[in-house]
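Novice: predicted coordinates and the sequence they were generated for:
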Amino acid sequence: MDIIKFNIVKRKLFEVIIILAATILLSELVFRLHLSIERNKEQQNLFLINSYVAQEIQRNLSEGISSLNAMEYILKLNNFSTESFDSWKTTLFDQYNKISAIQLAPNGVVRKIYPIENNEKAIGHDLLKDKRRKKGALRAINAKEITVIGPLTLIQNGRKAIIARKPVFKENEFWGFVIVLIDLKDKLLKEMSDIDQKNLYYQLEGNNPDDDDNPIIAQNTDSSSGWMSEFPIILPNSKWVLKLKYKHLVYAERHEHILILTVFLFTAVLFSLLRIRMLNKAEKLKELEERNTILAAGITANHEIKQPLSVIQMYVDMIYAICQKHNVTEFQRFYPKVIDSIERITKILDRFNNIDSYHIDDYVKGIKMVVFDDKKDNENEKND
């Protein structure tokens, strides 16, 4: 019985371990799936923010750059006369609120600027001879297209600005440049302040053909890696890149992991307790069925054996009476032993009707036998 109980306990313990292991595995799978969904949401949100801000920057730049086409058109209407600049500079400048200055540079030398205040030092600046500007200027001439470079530190006032140049040609000969300046701080980077309020790090990377390294237009972190989203800003003959990443992940990995694991473990413990309770009930039900079966077998044996035993006793009594009549002493000697055996069998059968408990014992060669403990034996054991 001890071995059977030990096996039952071992089985319960094994089932509990399996349930806990399966629960931990399931909670981990659920967490990974949940994490993947949340990360995808974060990535989508980051992409939407990045694309919106990048498009706004591109729209603002395009608005300022489009003024170059108007300047070229007006210049051609005035037969490429730089003297006419004073007559239309104010009107044009006021129509494009994203630009901070406009310039005319015939033969690549800056001759006209508006507004002139804080820009005086740029007058006479030769773009084709200045090593810091020559490469970008030549690229614009060779491409015959608008070229955006920067941010650059302006020689006239030390401020950071984006420079957009368009080469102008007169009868297929290079005449010079029409130029617009877009101040970073005042005209361009207002959109970037919105990103600071969204739990994000950003880095806006520009383009400068006069330098091997692309300049950083704006950033709110010194980190240069781990960017989660990059969005291009396509400009004339140039490309910028806006990079974003979360300062702190919106999805709290560790806390969610602990919460999910706790919920699943709590569920597993409840399930294990329920399973143990079910197993205990099943064992009790099995024991009850086994007991009822044994009791029923005992009662059946009692009934089936007692009937022929009574007949045997009746015939033995008749034989004994005949032997006494004829004075047959040989049988009379065995009669008490037969009657005693019949009475012993009857007592054993009577015990089947008063079974209080039983246990299983080994008999021989691995065969088990049922040993009945009647009420009297149990009471005597208690009294002892």
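Specialist: In hand now; what should we look at? Numbering: from 1, shown residues only.

Novice: make it CA atoms for all contacts and neighbour counts henceforth
Specialist: OK.

Novice: quick check: which element contains residue 90?
Specialist: Assessed by DSSP states H and E, residue 90 sits inside helix 85-95.

Novice: for that helix, packing partners?
Specialist: The helices and strands touching helix 85-95, judged by 3 or more CA pairs under 8 Å, 6 or more residues apart in numbering; DSSP states H and E, are helix 67-77, strand 101-106, strand 112-114.

Novice: just want the angle from the first one to helix 85-95.
Specialist: Computed with axes from the mean of the first three to the mean of the last three CA atoms, to 10 degrees, the direction of helix 67-77 lies at 150 degrees from that of helix 85-95.

Novice: report the buried residues of helix 67-77.
Specialist: Residues of helix 67-77 classed as buried: 67-68, 71-72, 74-75 (neighbour count, 16 or more other CA atoms under 10 Å).

Novice: quick one: the helices in the stretch 101-250 of the chain?
Specialist: For the stretch 101-250 of the chain, helices defined by DSSP state H, counting those that start in this stretch occupy the ranges 134-143, 190-196.

Novice: those helices: which one's closest to residue 319?
Specialist: Among the helices of the stretch 101-250 of the chain, the nearest to residue 319 by CA to CA is helix 190-196 (118.3 Å).

Novice: where exactly do the strands run in the stretch 201-350 of the chain?
Specialist: Along the stretch 201-350 of the chain, counting by DSSP state E, counting those that start in this stretch, strands occupy 216-219, 229-235, 238-246.

Novice: and those as JSON lines, adding mean neighbour count and mean pLDDT?
Specialist: Below are the strands of the stretch 201-350 of the chain laid out as JSON lines (neighbours: other CA atoms under 10 Å; pLDDT from 0 to 100):
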{"stretch": "strand 216-219", "mean neighbour count": "18", "mean pLDDT": "80"}
{"stretch": "strand 229-235", "mean neighbour count": "18", "mean pLDDT": "84"}
{"stretch": "strand 238-246", "mean neighbour count": "20", "mean pLDDT": "85"}
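
Novice: want to throw those into JSON lines with distance to residue 336?
Specialist: As requested, these are exported to JSON lines (distance: least, CA to CA, whole Å):
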{"stretch": "strand 216-219", "distance to residue 336": "117"}
{"stretch": "strand 229-235", "distance to residue 336": "108"}
{"stretch": "strand 238-246", "distance to residue 336": "104"}
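
Novice: mind listing what's buried in the helix holding residue 90?
Specialist: Under 16+ other CA under 10 Å, the buried positions of helix 85-95 are 85, 89, 93.
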